[in-house]
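Output the structure for:
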Amino acid sequence: MAKALFRVIYSMLAVLVRITNVVCEGEKEAAAAPGDEFVLVLTTDTFDDAISRHKHILVEFYAPWCNHCKQLAPVYAEAAGLLHSEDSAIKMAKVDASQETDLAKRYNVGRYPTVLFFRAGQPVQYEQIQDHGPKEIVAWLNRKTGPPAEVVTGKDRLDQLHADFNVVVVGFFNNADAKVVRDFLKVADEQDDVHFVVVHSPDLFSAYDVDKDSVIMLRTFDEERVDLVGEMSERSITEFVELYRLPYVVEFDPVMAPAVLDGYISKHLLYFISKEDERFAERVAAYREAAIQFKGKVIFVYVDVNNSDYQRIMNWFFVKKEHCPSTRLLDLEGPKGTLKYRPDTEDWTADELSRFVQEVLDGKRKVYRASEDLPADWDSQPVKVLVGKNFREIARDRKKNVFVMFYAPWCGFCKDLAPKWEAMAEKFKDDPDVIIAKIDATSNEVEGIKVTLFPTMKFFPKDSDEEIDFQNIQTTAEKLIAFVENGGKLPEDVKVNFEPKPGGNIDIKKEEL
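Residues are numbered from 1 along each chain as shown. Down below sits the predicted model:
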């Protein structure tokens with residue numbers, strides 16, 4: 001669940017890359033963005049013919065208003081240009097799913113963009129495309145249409161691959177029919193984000209100082225070459241690739257995110273820091289020093305807080321830019337779901353950070369949940385102020401009916417609701433059985449409660465562990481009061497039909513409460 005959530009967050013961070021101008025070819029010219037000339041434009045009338053005539057064709061189902069589709073467009077076009085320059089038989093196409101609705105229904109297009117790769121008419125979803133650049137898209141397509149590993153005979157080609165890709169896994173094998181080769185190709189077939197190469201040439205054996213069957217990894221970071229030591233099997237090769245495909249310290253970006261998420265390591269340390277921080281180089285060097293000790297156990301990531309695209313990930317961790325540098329350790333597979341931890345100080349040394357990480361691994365650290373300090377006057381007004389530290393004590397008090405608004409300071413709907421909430425609180429201020437409260441959900445984290453829309457209103461009834469959502473934000477003080485007086489139920493004659501819009505707005509379809 002946590003990995004799925006993170007993939008949603010990461011996929012929203014697609015980065016625009018350069019647009020390549022190419023020359024028009026083929027069926028129907030694309031008239032959209034520059035560099036789109038090699039992307040076929042398909043409609044309901046032309047779709048089946050294109051699928052039948054092209055054995056291998058990648059099709060993007062998009063909507064013109066979709067921002068993710070707009071971000072993908074120049075990357076997609078450049079990849080099509082690269083395929084054309086290679087004289088590839090693979091084609092790339094797109095369908096405006098907002099117009100070609102019958103096609104969208106046929107292929108169960110439920111979100112944009114949806115990208116399907118058709119091999120002899122059979123579609124396979126390309127889920128990672130928004131995490132890939134043009135060269136990665138072409139490499140993915142080549143792997144899907146040919147052998148999982150490229151056979152290389154010359155050093156110039158291997159040098160070029162090393163320059164083009166962050167990671168290249170090279171298998172040196174004397175006998176092309178050996179079992180280890182089959183194991184190597186099985187691993188290659190399962191890895192969509194790593195380029196695999198097979199070498200049989202004695203000259204390349206010599207050039208890389210290899211004298212027997214071997215597997216090595218060529219990288220553009222840390223140690224440029226890493227050798228697999230010990231036996232070579234499908235399992236050992238898989239573990240080798242997963243262990244060394246990432247650098248000691250990963251700079252957070254949407255291209256690297258899938259490698260972080262899809263690996264077997266479930267613990268991620270995130271360091272939120274500005275690249276403009278005067279101590280940036282010093283701090284990241286200490287971070288890397290600690291990371292080396294936990295290779296294979298914890299993935300160390302740093303996030304540049306100056307990049308506004310990363311605000312959502314910062315919000316998820318309750319990290320504010322003004323409080324950075326800030327460090328969080330995330331366990332995606334904790335005993336009680338996703339768990340977060342925080343060191344005692346943010347001015348740590350490499351040794352102190354290592355000690356903190358080891359204490360988490362040993363189960364000696366308490367889970368961290370964000371909380372503001374409790375204001376001295378938190379209960380002086382009719383609307384009580386809750387923070388993470390006092391939420392359970394107040395909201396889960398079984399002796400009282402407690403109604404809580406989870407708000408964001410910047411939320412317009414929350415601001416509109418505030419005077420109605422205060423009017424309701426005034427009504428119940430002398431009632432010993434009722435507490436009306438609010439909590440800033442952008443600065444406080446509550447165990448077991450996920451807030452995805454603002455405002456969120458939850459009623460915790462007396463003598464119960466129940467949690468009741470009040471879902472109409474365009475309400476009145478009178479209706480809020482009636483809801484509380486009825487024990488968390490609206491009057492029977494009230495009918496509300498609403499649905500969340502993308503971005504969290506609420507559209508009231510019938511009666512406005």
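
and residue 55, what is it in contact with?
Contacts of residue 55 were listed using CB atoms under 8 Å, 6 or more residues apart in numbering, and they are 89, 119-120. Placement of C-beta: from N, CA and C, glycine included.

from those residues, which is closest to residue 366?
residue 119 (51.1 Å; CB to CB).

Make sure that closest one is actually in contact with residue 144.
Yes. Under the contact definition of CB atoms under 8 Å, residue 119 touches residue 144, with a separation of 7.0 Å.

low-scoring stretches of the stretch 251-400 of the chain, by residue?
Scanning the stretch 251-400 of the chain for pLDDT under 70 picks out 254-259, 261-263, 335-337.

50 - rerun?
Within the stretch 251-400 of the chain, the set of residues satisfying pLDDT under 50 is empty.

Same question for the chain.
Where the chain drops to pLDDT under 50, the residues are 1-2, 4-5, 7-35, 494-513.

so where's the longest helix in it?
When the chain is parsed with DSSP state H, its longest helix is helix 67-85.

circling back: right, and out of the contacts of residue 55, which lies closest to residue 304?
Nearest to residue 304, judged by CB to CB, of those is residue 119 at 39.1 Å.

how many other residues sit next to the closest one?
12 (other CB atoms under 10 Å).

How far does the helix or strand hosting residue 436 sit from its chain's centre?
Applying DSSP states H and E as the criterion places residue 436 in strand 434-440. In terms of CA atoms, centre = their mean, to the nearest Å, the gap separating the centre of strand 434-440 from the centre of its chain is 32 Å.

Over to stretch 165-181?
32 Å.

Any buried residues in it, and which?
For stretch 165-181, a neighbour-count test (16 or more other CB atoms under 10 Å) marks 165-173, 180-181 as buried.

In JSON lines, list the residues you listed along with secondary structure and distance to residue 215.
Supplementary listing: the buried residues of stretch 165-181 in JSON lines, determined by DSSP: H, G, I helix; E, B strand; the rest coil; distance: CB to CB, whole Å:
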{"residue": "165", "secondary structure": "coil", "distance to residue 215": "16"}
{"residue": "166", "secondary structure": "coil", "distance to residue 215": "17"}
{"residue": "167", "secondary structure": "strand", "distance to residue 215": "13"}
{"residue": "168", "secondary structure": "strand", "distance to residue 215": "11"}
{"residue": "169", "secondary structure": "strand", "distance to residue 215": "7"}
{"residue": "170", "secondary structure": "strand", "distance to residue 215": "7"}
{"residue": "171", "secondary structure": "strand", "distance to residue 215": "5"}
{"residue": "172", "secondary structure": "strand", "distance to residue 215": "7"}
{"residue": "173", "secondary structure": "coil", "distance to residue 215": "9"}
{"residue": "180", "secondary structure": "helix", "distance to residue 215": "8"}
{"residue": "181", "secondary structure": "helix", "distance to residue 215": "11"}
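
Report the set of residues contacting both of residue 119 and residue 144.
Taking CB under 8 Å, 6+ apart as the contact criterion, the residues that touch both residue 119 and residue 144 are residue 56.

Now residue 89. Nearest residue, chain neighbours left out?
Counting by CB to CB, 6 or more residues apart in numbering, residue 89 lies nearest to residue 56, which is 6.5 Å off, once chain neighbours are set aside.

Check residue 245 too.
In space, not counting the residues next to it along the chain, residue 245 is nearest to residue 167; the distance is 5.1 Å by CB to CB, 6+ apart.

partner residues bridging the one you found?
Beta bridges link residue 167 to residue 219, judged by DSSP bridges.

how far away is it from residue 72?
23 Å (CB to CB, to the nearest Å).

Stretch 438-449: which residues count as buried?
When neighbours are counted by 16+ other CB under 10 Å, the buried residues of stretch 438-449 are found to be 438-442, 444-446.

Of the residues you listed, which pair is most distant in space?
When the buried residues of stretch 438-449 are compared pair by pair using CB to CB, the farthest-apart members prove to be 438 and 445, with a separation of 15.5 Å.

what are the ranges of the helices in the stretch 51-200 of the chain?
In the stretch 51-200 of the chain, the segments counted as helices under DSSP state H, counting those that start in this stretch are 67-85, 101-106, 134-145, 155-164, 179-190.

hey, which of the ones you listed is tucked in deepest?
The highest mean neighbour count among the helices of the stretch 51-200 of the chain belongs to helix 67-85 (a mean of 21), with neighbours defined as mean count of other CB atoms under 10 Å.

Helix 134-145 and that helix, what's the angle between them?
Helix 67-85 and helix 134-145 meet at an angle of 70 degrees, taking axes from the mean of the first three to the mean of the last three CA atoms, to 10 degrees as the criterion.
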